[in-house]
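1. sequence below, structure please.
(chains A and B)
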Amino acid sequence: MAADITEVVIETIREVMNQNDLEESTLTAETSILSDTSLDSLALAEVIVHLELKTQKDPFAGGFTNFRTIGELARLYEQ
Amino acid sequence: MNSERPFLIVDNRIVSHAEFNALLDRYRPLFSCHRRIMIHSSDPLYQAVALTLARDLKGELFLCHAFFKSAQVEKLRADHNVDLLLQNDSWEEPGQTTSSADTIPAESEGCLYVFTSGTTGEPKIARHRWATIQYSSEYVSARLSGRTWIMTYSATSFAGLQVFFSAINNDGTIYYPPAEYDKMAAGMSNHGVTIISGTPTFWRMLISSWPPDVPSVKLEQATLGGEIVDQAILDSIESFFAPTRLTHIYASTEAGTAIVVSDGRAGFPVEYLDRQEGVQLQVVDDLLQVKTPAPMSGYVDGRSISTDDGWLRTDDVVEVRKGRVYFVGRQDGMINVGGLKVLPEEVELALQTLPQVTDSRVFAKRSPILGSIVAAEIVMPDGTKLNAKEIKSKLRAILADYKVPQVFLPVSKIEATPHGKKSRR
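-> Numbering: from 1, shown residues only, chains lettered A, B, ... in the order given. Modelled structure (predicted):
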């Protein structure tokens, strides 16, 4: 299950990179989202909206929860 | 008055002048002995009777929107000491002539209380003298006398009242159409409508849903107002209806009609800002301020939005480009994207320049990262598949990156408020 969600997050990041003409790079569960990729805060916000639409889950409904890597973000959608 | 032509056409019910005059005679005694009257009816015929009688008898009339709930109407009635409340079912007994109030004093000029649309909040109540609410109707060109108008606005809104008085004060007929756009198109064709006034949202829906088997109508007057008018909608009205005159107006319940433009181009000439008489306009901190000859007398609670020197502050953000002043959006509708301000109207105007977008509605979506992000519902021509990458890349050529919507939701139509404006919620 965890691996699936990680895949969904990676796929969503790729879609957002593609849609916004951002440079693509290798993405794994350990990749730090803002420092190791071309994503900026605007693009990250877009990733989060699309994840909400795809998973029908909003882990941030109760306020912001910190995350750094793709794996950490994916874990928020596991609950 | 020509009694051969109908007075009102409500969907398929045709009301003659004789029939209408008989209703006026029937209800005149009731209106004569009440001073503050409130009407809450979804029937345009009874709204017309109430407006005509209250105007002629110089009474005070509260014109509730049909979508008000009974409890809200009861509260308004109590809050404003209304003598007589007329609802759909209470019209049948015109005999109720007892009243606690005195009859209308002869010197009173009366007034009409108009509820604002409340696009962004609770409706407010604007008080208009009968003379100011009918001000524009005196400027209808003589060539438009005796024509058939269509009521595209809510009949109880300020814009609807402009159409109502412009039509009846110029010997016109008013067609109140059904809600479905395809039936509306057929009705316009059948009843010989040659004057249409509507919001840009209305015009876009009308043109995009016009059935191929209904011939287009040749218009004598096409008018747009109530929302920002872009060049694309002006051009499509021009090519679809070939109106003799194409006009866009800027008006509000509070200011009355302030700007009238008929040169077929969006925005208005910057020279309008220099006028020293009639309607005067000025821009302060990017916001439009107006001084008009026919503003409301005030809000019912006595508040005013005028500055001390008579200038009325609007929430409309404007910008000047190449000798023309363009409306950019409403200050109160601003979306805050991580501290950067985005006007939804500005993004909609950009979207509507694209061939793959028929209509759009831009709104804020909550974001844990940026506070809000920009989302867009879009209507696309039949058979078009959403290509967000392409739309975004085209938008980035027109708009700053943070203004480009992050989410696109394809929809079949844009939900409009009862006043024909895009919902901003």
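2. excluding chain neighbours, what is closest to A:T37?
-> A:S25 (5.7 Å; Cβ to Cβ, 6 or more residues apart in numbering or on different chains). Any C-beta I mention is one placed from the backbone N, CA and C, and that applies to glycine too.
3. which parts of stretch B:319-337 are buried?
-> Within stretch B:319-337, the residues scored as buried using 16 or more other Cβ atoms under 10 Å in any protein chain shown are B:324-327, B:329-330, B:333-335, B:337.
4. kindly reformat the residues you listed as JSON lines containing secondary structure.
-> Shown next, in JSON lines, are the buried residues of stretch B:319-337 (DSSP: H, G, I helix; E, B strand; the rest coil):
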{"residue": "B:R324", "secondary structure": "strand"}
{"residue": "B:V325", "secondary structure": "strand"}
{"residue": "B:Y326", "secondary structure": "strand"}
{"residue": "B:F327", "secondary structure": "strand"}
{"residue": "B:G329", "secondary structure": "strand"}
{"residue": "B:R330", "secondary structure": "strand"}
{"residue": "B:G333", "secondary structure": "helix"}
{"residue": "B:M334", "secondary structure": "coil"}
{"residue": "B:I335", "secondary structure": "strand"}
{"residue": "B:V337", "secondary structure": "strand"}
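5. farthest pair in these?
-> B:R324 and B:V337 (27.7 Å; Cβ to Cβ).
6. what's around A:G63, how many residues?
-> 6 (other Cβ atoms under 10 Å in any protein chain shown).
7. look up the closest residue to it, ignoring the ones flanking it.
-> A:G63 sits nearest to B:P368 (Cβ to Cβ, 6+ apart), 7.8 Å away.
8. residue contacts, that neighbour?
-> The contact partners of B:P368, taken as Cβ atoms under 8 Å, 6 or more residues apart in numbering or on different chains, are A:45, A:48, A:60, A:63-65.
9. out of those residues, which is most surrounded?
-> Busiest of the contacts of B:P368 [other Cβ under 10 Å] is A:A45, holding 26 neighbours.
10. what helix or strand is that residue on?
-> Taking DSSP states H and E as the criterion, A:A45 maps to helix A:41-55.
11. returning to that earlier point: minimum pLDDT in the contacts of B:P368, which residue is that?
-> When the contacts of B:P368 are sorted by pLDDT, the bottom entry is A:G63 at 71.
12. in the helix or strand hosting B:A375, which residues are buried?
-> Element membership for B:A375, per DSSP H and E: strand B:371-379. Neighbour-count burial for strand B:371-379, counted by 16+ other Cβ under 10 Å, picks out B:372-379.
13. is it anywhere near chain A?
-> Yes - counting by Cβ under 8 Å from any Cβ of the partner chain, chain A is contacted by strand B:371-379 at B:373, B:375.
14. what's the first helix or strand after that strand?
-> With DSSP H and E, the next secondary element past strand B:371-379 is helix B:388-396.
15. who are the packing partners of that next one?
-> For helix B:388-396, the elements it packs on are helix A:2-19, helix B:344-351, judged by 3 or more Cβ pairs under 8 Å, 6 or more residues apart in numbering or on different chains; DSSP states H and E.
16. quick check: phi and psi on the residue of chain B found nearest chain A?
-> Across chain B, the shortest distance to chain A (Cβ to the nearest Cβ) belongs to B:P368, at 3.5 Å. Main-chain dihedrals, B:P368, degrees, to the nearest 10: phi -70, psi -20.
17. list the residues that contact B:H191.
-> Residues near B:H191 by Cβ under 8 Å, 6+ apart: B:9, B:148, B:173, B:175.
18. look up how far B:D43 lies from it.
-> Distance, B:H191 to B:D43, using Cβ to Cβ, to the nearest Å: 18 Å.
19. cool, and B:D359?
-> B:D359 is 30 Å from B:D43, by Cβ to Cβ.
20. higher neighbour count, the two?
-> B:D359 (22 against 16).
21. contacting residues around that one?
-> So B:D359 contacts B:201, B:204-205, B:208, B:352, B:378-379, B:413-414 (Cβ under 8 Å, 6+ apart).
22. from those residues, which two are the most distant?
-> Distance extremes for these: the farthest pair is B:Q352 and B:K413 at 14.8 Å, using Cβ to Cβ.
23. more neighbours, the two?
-> For B:Q352 and B:K413, the more surrounded residue by other Cβ under 10 Å is B:Q352, and the numbers stand at 19 against 16.
24. my read: that one touches B:S360, true?
-> Yes - at 6.3 Å, B:Q352 counts as touching B:S360 under the criterion of Cβ atoms under 8 Å.
25. returning to what we had before: would you turn the helices and strands packed on helix B:388-396 into a markdown table with mean neighbour count, distance to B:Y299 and mean pLDDT?
-> Formatted as a markdown table, the helices and strands packed on helix B:388-396 follow (neighbours: other Cβ atoms under 10 Å in any protein chain shown; distance: least, Cβ to Cβ, whole Å; pLDDT from 0 to 100):
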| stretch | mean neighbour count | distance to B:Y299 | mean pLDDT |
| --- | --- | --- | --- |
| helix A:2-19 | 17 | 47 | 90 |
| helix B:344-351 | 24 | 25 | 93 |
